[in-house]
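Trainee: any chance you can model this:
(2 chains)
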Amino acid sequence: MPGAFDGETINRRRFMTATVHGAGALAAAAFTLPALGFALGPIFAREPFSWQPIGTPADFTEDTYVIKVIEIVQGIGEAGKSIAYVRQRDPQIDTEHEDQYNHWIALSSRCMHLGCPVRYVAAAERFICPCHGGVYDFRGMVAGGPPVRPLDRFYTRLNQTTGLVELGPRYSVNSELRRFSPRDPGEPLDGIGQYLYPSRFSTSVLPSN
Amino acid sequence: MPKLPAPPLPKPLRPKPKRPGENGNGPPTPAEAAQEAGITVVDWLDERTSLSGGIRWMLFRKVPPGVNWYYTLGSATMFAFLSQAVTGVFLAMYYVPSVNGGAYESVRYITDQAFLGQFVRGMHKWGASVMVILIFLHMGRVFFFGAYKYPRELTWVIGVVLLILTLMMSFTGYLLPFDQQSYWASIVGVNINAGGPLIGPFLSDFLRAGPEFGATTLPRFYAIHMMLIPGLIAALMGFHLYLVAKLGISAPPWLKAETDRELELDKTEV
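Mentor: Modelled structure (predicted):
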């Protein structure tokens, strides 16, 4: 090798070049990597969920929905609020498996096409989305239009100490009302859908209490 | 007989060069100095930077015959961007990217109360549409004139990246007024991103800074809108312009290539 003594595998110039490049890369990585982590962190952050009281069991009936304003993000005022449509479970029509979390059916107002807020029209017993014409039936199943899956739901439970109905975290369902961790609108969950649209890292596991 | 050059005089015998000044000597008068101030400043700068060569290289180029107004669409897009940059900087002096009422209130303050606020905001709002329209027209011109062909492929590719960045500016800027329309339009836009298979869910989480539209979503959009993308656009625009100057402007497609006269004569004889 030119510039190297006998038996040397690296000369001074190459050594200096590698050192300076390495130091530069280290310095650049020292501010790039934290910045990148800072920007991508929320994807991996696990946010705790809370149960919020929405009324007494007597407030809800089987045959119509009650609108409840809920807080899905704390501390940002109006922008953090959303709507849940709540009714009592009706064994006649609600054929999905019953457990401690669905004595009350709480539907999210978020349309499963692209996330606009749906409105319940009592006369038609339909949920209708103003943006692109998505229609859901009384149970929140897709009845027409572009939505790819039924309306998202919230876990509900009866707080034994206060006697109030409480609304918990959101979950998504496929067309057979199988539960999935919450997904964004526009992500089908039937068939291959649940693999094409994986669950986010940040989903908390529901405690079994 | 040819005239021989005069032999060089020894240094002490040479006539002294004339000095500047009123009577041809002495320091320059203030009037003379003022007259040449511009030249002095430019010379001072150029002596230290040698920028004049680069400016001449950039601005005094050979241009093919037949160029027309369509060739100005790229410059028009650039000036639309500069207008957006300047108005954006001044809007940023009043804008507050706070979800809890601050954003909407600050935009309302700009529109209703700040001096010339409505005008500057209007420039920025309508200028955004103008820039998108101009960049598409520019792209159409380049496509239909065949100006993307060798050796200008890289210029085209960078132009496409600039187009995408411009659309990302439109997307992130739309949320900032934070009224009902911009809020729901951004919800829909983020969910369209979520619709991409495999990476979609993570992309939407990145845009929202979490699973829900939260307290840091708006500042995130704001930072992307006013720092990240404008920096990228400015840098890529500089490179785009360098390539334009380096490779020259392509001739319009209807211009016939010049042929060699002699070759043409040969052809007629045969």
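Trainee: would you mind measuring the gap between the ends of stretch B:99-118?
Mentor: End-to-end distance for stretch B:99-118, by CA to CA, to the nearest Å: 22 Å.
Trainee: mind listing what's buried along that stretch?
Mentor: B:99, B:103-104, B:106-107, B:110, B:114, B:117 (16 or more other CB atoms under 10 Å in any protein chain shown). For every residue, glycine as well, the C-beta is placed using N, CA and C.
Trainee: for it, the distance to its chain's centre please.
Mentor: 29 Å (CA atoms, centre = their mean, to the nearest Å).
Trainee: next: stretch A:86-106.
Mentor: 21 Å.
Trainee: so what touches it?
Mentor: A:54-55, A:57, A:60-66, A:68, A:84-85, A:107, A:138-140, A:153-158, A:165, A:167-168, A:176-177, A:206 (CB atoms under 8 Å, 6 or more residues apart in numbering or on different chains).
Trainee: quick one: buried residues of that stretch?
Mentor: Across stretch A:86-106, burial judged by 16+ other CB under 10 Å covers A:86-89, A:94, A:101-102, A:104-106.
Trainee: first-to-last residue distance for that stretch?
Mentor: Stretch A:86-106: ends 4 Å apart by CA to CA.
Trainee: count the residues that sit near the residue of chain A found nearest chain B.
Mentor: Among the residues of chain A, residue A:184 lies closest to chain B, at 3.6 Å counting by CB to the nearest CB. Residue A:184 has 26 neighbouring residues, counting by other CB atoms under 10 Å in any protein chain shown.
Trainee: with the one 3 residues further on instead?
Mentor: Residue A:187 is surrounded by 24 other residues when neighbours are defined as other CB under 10 Å.
Trainee: so for it, what's the pLDDT?
Mentor: We have a pLDDT of 93 for residue A:187.
Trainee: just the buried residues of the helix or strand where residue B:142 lies, please?
Mentor: Using DSSP states H and E, the element containing residue B:142 is helix B:117-144. Under the neighbour-count criterion of 16+ other CB under 10 Å, helix B:117-144 has B:117, B:120-121, B:123-125, B:127-128, B:130-132, B:134-135, B:138-139, B:141-142 buried.
Trainee: then stretch B:145-160?
Mentor: B:145, B:147-148, B:152, B:155-156, B:159.
Trainee: ditto for stretch A:171-180
Mentor: So stretch A:171-180, judged by 16+ other CB under 10 Å, has buried residues A:171-174, A:177, A:179-180.
Trainee: would TSV of those residues with pLDDT and distance to residue B:16 be doable?
Mentor: Below are those laid out as TSV (pLDDT from 0 to 100; distance: CB to CB, whole Å):
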residue	pLDDT	distance to residue B:16
A:171	91	97
A:172	93	94
A:173	93	100
A:174	92	99
A:177	91	105
A:179	91	101
A:180	90	96
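Trainee: on that earlier part again, how about the residue of chain A closest to chain B, phi and psi?
Mentor: With angles defined as degrees, to the nearest 10, residue A:184 sits at phi -80, psi 160.
Trainee: show me which residues of chain B sit near chain A.
Mentor: Applying CB under 8 Å from any CB of the partner chain, we find that chain B lies next to chain A at B:99-101, B:178, B:183-184, B:187-188, B:190-192, B:194-195, B:197-198, B:200-202, B:204-206, B:208-216.
Trainee: mind listing the helices for the chain?
Mentor: No chain specified, so I'll use chain A. A:12-44, A:193-196 (DSSP state H).
Trainee: the intended chain is chain B.
Mentor: B:30-35, B:37-49, B:51-59, B:73-92, B:102-112, B:117-144, B:153-175, B:180-194, B:200-208, B:217-223, B:229-247, B:261-269.
Trainee: between those helices, which gets the lowest average pLDDT?
Mentor: Taking the mean pLDDT of the helices of chain B, helix B:261-269 comes last: a mean of 60.
Trainee: if the closest residue to residue A:156 other than its chain neighbours is in a bridge, with which residues?
Mentor: Nearest residue to residue A:156 in three dimensions, chain neighbours excluded: residue A:104, at 4.1 Å (CB to CB, 6 or more residues apart in numbering or on different chains). Going by DSSP bridges, residue A:104 is paired in beta bridges with residue A:88.
Trainee: what pLDDT does residue A:104 get?
Mentor: Per the predicted model, pLDDT is 95 at residue A:104.
Trainee: give the ChimeraX command for selecting the buried subset of the residues of chain B next to chain A.
Mentor: Buried members of the residues of chain B next to chain A can be picked out in ChimeraX with the line below, counting by 16+ other CB under 10 Å:
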select /B:99,178,183,184,187,188,190,191,192,194,195,200,201,202,204,205,206,208,209,210,211,212,213,214,215,216
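Trainee: so where's chain A uncertain?
Mentor: Scanning chain A with the threshold set as pLDDT under 70 gives A:1-4, A:202-209.
Trainee: distance check, the closest residue to residue B:123 other than its chain neighbours against residue B:242.
Mentor: Setting aside the residues directly before and after it, residue B:123 is nearest to residue B:87 in space (CB to CB, 6+ apart), at 4.7 Å. Distance, residue B:87 to residue B:242, using CB to CB, to the nearest Å: 26 Å.
Trainee: same deal with residue B:197?
Mentor: From residue B:197 over to residue B:242 (counting by CB to CB), the distance is 38 Å.
Trainee: ok, now residue B:138?
Mentor: Distance, residue B:138 to residue B:242, using CB to CB: 17 Å.
Trainee: and for residue B:36?
Mentor: Taking CB to CB, one finds residue B:36 at 33 Å from residue B:242.
Trainee: and chain A, which residues reach chain B?
Mentor: A:39-40, A:42-43, A:45, A:47, A:72-73, A:75-80, A:114-117, A:131, A:182-187, A:196-200, A:202-203.
Trainee: buried subset of these?
Mentor: A:42-43, A:47, A:72-73, A:76, A:79-80, A:114-117, A:131, A:182-187, A:196-198, A:200, A:202-203.
Trainee: could you find the closest non-adjacent residue to residue B:173?
Mentor: Residue B:173 sits nearest to residue B:225 (CB to CB, 6+ apart), 5.0 Å away.
Trainee: coming back round to it: contacts only, for the residue nearest to residue B:123.
Mentor: B:120-121, B:123-124, B:127 are the contacts of residue B:87 under CB under 8 Å, 6+ apart.
Trainee: distance to residue B:169 added to these, as TSV?
Mentor: Formatted as TSV, the contacts of residue B:87 follow (distance: CB to CB, whole Å):
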residue	distance to residue B:169
B:120	17
B:121	16
B:123	15
B:124	11
B:127	11
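Trainee: and those, which is closest to chain A?
Mentor: residue B:121 (21.5 Å).
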